[in-house]
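Participant: got a structure for you, letters missing:
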């Protein structure tokens, strides 16, 4: 019978005692889902949703040459065990946000070896807290992350494990460094502003030309990367591109977003 999940406990007890349960009452009760059956349905829906989320996470990690490994294996550069954390970030803040987090960690110097729970959440927090840097100064944002000694910072903060929340401590330490980089850059801009004000058209034309060249180079790099076998991209960048890895990633990022 459709919808049948069995009689509730109190009706089964009545039958066991030899009491007569009206047929209409028994039939109606048998069709009413119990709390446990509702929870089972919700659990199945949640499992299906989680599987879909994890599939998206794994696909995006593949794009960034990040391999997801089992939790009992120590990660090497380009590997991570933090699939659960990545799924949480994707679910909570969306795919666009998750891609920014992966770009920040996966495509800056040395940081693809540090993709773990605390670093993922710290970057996620900073991306949301500093949208003007991420959206308006993207190239500089990635350059700053090239310079941040993330591994050293994480090692120092890990000494406070058990006393201090690693996620928030890491985010605070990184933010302090980002502020320092931002102020240095703004200071240099202020020093050159008087010259730019005298010839604004030339300054804008040169800036636009450089940007177009970077975008075109980024497109070529994306095409080359798509043709290389898995695992050959980083060696190619080091040996044949003539560019630093950070510069290559900035060019490719500009080509993707514009």
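Facilitator: Right, received. Where do you want to start? Everything quoted here is computed from the prediction, not taken from an experiment.
Participant: check which helix or strand covers residue 60.
Facilitator: Using DSSP states H and E, residue 60 sits within helix 35-63.
Participant: cool, and residue 176?
Facilitator: Going by DSSP H and E, residue 176 is part of helix 166-198.
Participant: follow-up on the earlier one: and the helix holding residue 60, what's its mean pLDDT?
Facilitator: Mean per-residue pLDDT for helix 35-63: 73.
Participant: ok, now stretch 246-258?
Facilitator: 79.
Participant: And it, what's buried?
Facilitator: 246, 247, 248, 249, 250, 251, 252, 253, 254, 255 (16 or more other C-beta atoms under 10 Å). In short, each C-beta sits where N, CA and C put it, glycine included.
Participant: Now distance to residue 105 and secondary structure too, for those, in a markdown table please.
Facilitator: Formatted as a markdown table, the buried residues of stretch 246-258 follow (distance: C-beta to C-beta, whole Å; DSSP: H, G, I helix; E, B strand; the rest coil):
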| residue | distance to residue 105 | secondary structure |
| --- | --- | --- |
| 246 | 13 | helix |
| 247 | 18 | helix |
| 248 | 16 | helix |
| 249 | 11 | helix |
| 250 | 15 | helix |
| 251 | 18 | helix |
| 252 | 15 | helix |
| 253 | 13 | helix |
| 254 | 19 | helix |
| 255 | 20 | helix |
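Participant: Can you tell me which of the residues you listed is nearest residue 239?
Facilitator: residue 248 (12.5 Å; C-beta to C-beta).
Participant: and that closest one, what is it in contact with?
Facilitator: 221, 237, 241 (C-beta atoms under 8 Å, 6 or more residues apart in numbering).
Participant: Reformat these as CSV; add pLDDT and neighbour count.
Facilitator: Shown next, in CSV, are the contacts of residue 248 (pLDDT from 0 to 100; neighbours: other C-beta atoms under 10 Å):
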residue, pLDDT, neighbour count
221, 87, 21
237, 79, 20
241, 75, 16
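Participant: With distance to residue 87 and secondary structure as added columns, please give those residues in a markdown table.
Facilitator: Shown next, in a markdown table, are the contacts of residue 248 (distance: C-beta to C-beta, whole Å; three-state DSSP):
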| residue | distance to residue 87 | secondary structure |
| --- | --- | --- |
| 221 | 29 | helix |
| 237 | 29 | helix |
| 241 | 33 | helix |
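Participant: Determine how far stretch 232-243 lies from the middle of the whole chain.
Facilitator: Its chain's C-alpha centre and that of stretch 232-243 lie 25 Å apart, by C-alpha atoms, centre = their mean, to the nearest Å.
Participant: what's the span of it, first residue to last?
Facilitator: By C-alpha to C-alpha, to the nearest Å, the extent of stretch 232-243 from end to end equals 16 Å.
Participant: Which residues in it does the neighbour count mark as buried?
Facilitator: Under the neighbour-count criterion of 16+ other C-beta under 10 Å, stretch 232-243 has 233, 237, 241 buried.
Participant: Can you tell me how far residue 172 is from residue 160?
Facilitator: Noted for residue 172: a distance of 12 Å to residue 160, by C-beta to C-beta, to the nearest Å.
Participant: Which residue of these two possesses the greater neighbour count?
Facilitator: residue 172 (15 against 11; other C-beta atoms under 10 Å).
Participant: Now do the contacts for the more buried one.
Facilitator: When the contact criterion is C-beta under 8 Å, 6+ apart, residue 172 has no partners at all.
Participant: Show the pLDDT at it.
Facilitator: Listed pLDDT for residue 172 reads 94.
Participant: Please report the distance of it from residue 165.
Facilitator: 10 Å.
Participant: can you check residue 118 too?
Facilitator: Using C-beta to C-beta, residue 118 is found at 9 Å from residue 165.
Participant: Of the contacts of residue 248, just say which sits nearest to residue 123.
Facilitator: Among these, and counting by C-beta to C-beta, the member closest to residue 123 is residue 237, at 22.4 Å.
Participant: Isn't that closest one up against residue 243?
Facilitator: Yes. Between residue 237 and residue 243 a contact is recorded at 7.1 Å, counting by C-beta atoms under 8 Å.
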